[in-house]
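> Quick one, what's the 3D model for this:
(one chain, ligands or ions: 1)
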Amino acid sequence: MTIITGRMIVSDPLHWCGIILAGGQSSRMGRNKAFLELEGKPVIEHVIDKMRACTDDLILITNDPEEYDHLGIQTACDVFPHQGPLAGIHAGMKNKEAEGYVVTACDTPYISVSIYQLLKASLVDNDIVIPTYAGRSHPLSGVYRRNLAQEIECLMEEGKRSMKALYEEGHTVYMDDFNGIDTEEVDLHFFNMNHPEDYDYAKSIKKRGKEQRQLNVNMIR
Ligand SMILES: Nc1nc2c(ncn2[C@@H]2O[C@H](COP(=O)(O)OP(=O)(O)OP(=O)(O)O)[C@@H](O)[C@H]2O)c(=O)[nH]1
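Have a look, this model is predicted:
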């Protein structure tokens, strides 16, 4: 894949697959978060569009694949159902061959292609690159190397579901400097929707003018 940065075009040696995690319960939202409408289309379509712009291939991991048929992208089910996001990453790696994986949740309408490009560029000498923001690490916005697939399978078999357990299995680095990316774009990248109020907030973001927007950090993961 070719990456266009602010100043130059660089050739990316890795083949990248995007893994969209959509196997959760959406219990706090009370309905499937992926299909909430924002700006005339469901959140999942916003996510797919952004992921297409920074990967060579895509897979969506859900336990209800028929619901996503009409989107025209490959889907697969968790091999370890209802075990959380790490199981979704496992299923993505199992079903799609790639050298690097870009992960996202299905409830993040405003993810930033530029942030993912920075994370990808940092994977070269590492196995995992995790962004940190507002004092927290965000593994569901991370990038991962294929060589972790076996370790993830072992963790799942041992019933270890924590993303942090995975960090110890490879060379993990954290990124908190988003190098020239607009602060609002960074804020929005880490915005996700868990509760109906988060959805209301998401709808209000684009209605308000840029200068009036004040992202409520408490609403971020
Ligand atoms: N494939 C897969 N994805 C999951 C699983 N659990 C959560 N996710 C996804 O991970 C992301 C973050 O999930 P959460 O918001 O923490 O959990 P959720 O189950 O979607 O929502 P709640 O039921 O309200 O906790 C979402 O995109 C979920 O769809 C799982 O077991 N398998």
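
> quick one: what helix or strand has the residue nearest to residue 165 when sequence neighbours are not counted in it?
The shortest distance from residue 165 to any non-neighbouring residue, by CB to CB, 6 or more residues apart in numbering, is to residue 155 (5.5 Å). In short, each C-beta sits where N, CA and C put it, glycine included. Element membership of residue 155 [criterion: DSSP states H and E] is helix 149-157.

> So the helix or strand that comes right after that helix, near the ligand or not?
With elements assigned by DSSP H and E, the helix or strand that comes after helix 149-157 is helix 163-167. No. Under the criterion of CB under 6 Å from any ligand atom, the ligand is not reached by helix 163-167; the shortest gap measures 10.3 Å.

> The residue nearest to residue 165 and the ligand: what is the separation?
For residue 155, the distance to the ligand equals 14 Å [CB to the nearest ligand atom, to the nearest Å].

> List the residues that contact that residue.
Applying CB atoms under 8 Å, 6 or more residues apart in numbering, we find residue 155 in contact with 86, 161, 165, 166, 169.

> Which positions in the protein make contact with the ligand?
21-28, 61, 78, 82-85, 87-88, 105-107, 140, 194.

> if we go to 8 Å?
20-29, 33-34, 61-63, 78, 80-85, 87-88, 91, 104-108, 140, 192, 194 (CB under 8 Å from any ligand atom).

> still on that earlier bit, pLDDT of the helix holding residue 155, averaged?
If you average the pLDDT over helix 149-157, you get 96.

> go on, stretch 77-93?
97.

> Quick check: buried residues in it?
Within stretch 77-93, the residues that count as buried by 16 or more other CB atoms under 10 Å are 78, 80, 83-93.

> Identify those among those that sit within helices.
85, 86, 87, 88, 89, 90, 91, 92, 93 (DSSP state H).

> got those residues as JSON lines, with distance to residue 124 columns?
Output for these, formatted as JSON lines (distance: CB to CB, whole Å):
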{"residue": "85", "distance to residue 124": "24"}
{"residue": "86", "distance to residue 124": "24"}
{"residue": "87", "distance to residue 124": "27"}
{"residue": "88", "distance to residue 124": "25"}
{"residue": "89", "distance to residue 124": "20"}
{"residue": "90", "distance to residue 124": "23"}
{"residue": "91", "distance to residue 124": "26"}
{"residue": "92", "distance to residue 124": "21"}
{"residue": "93", "distance to residue 124": "19"}
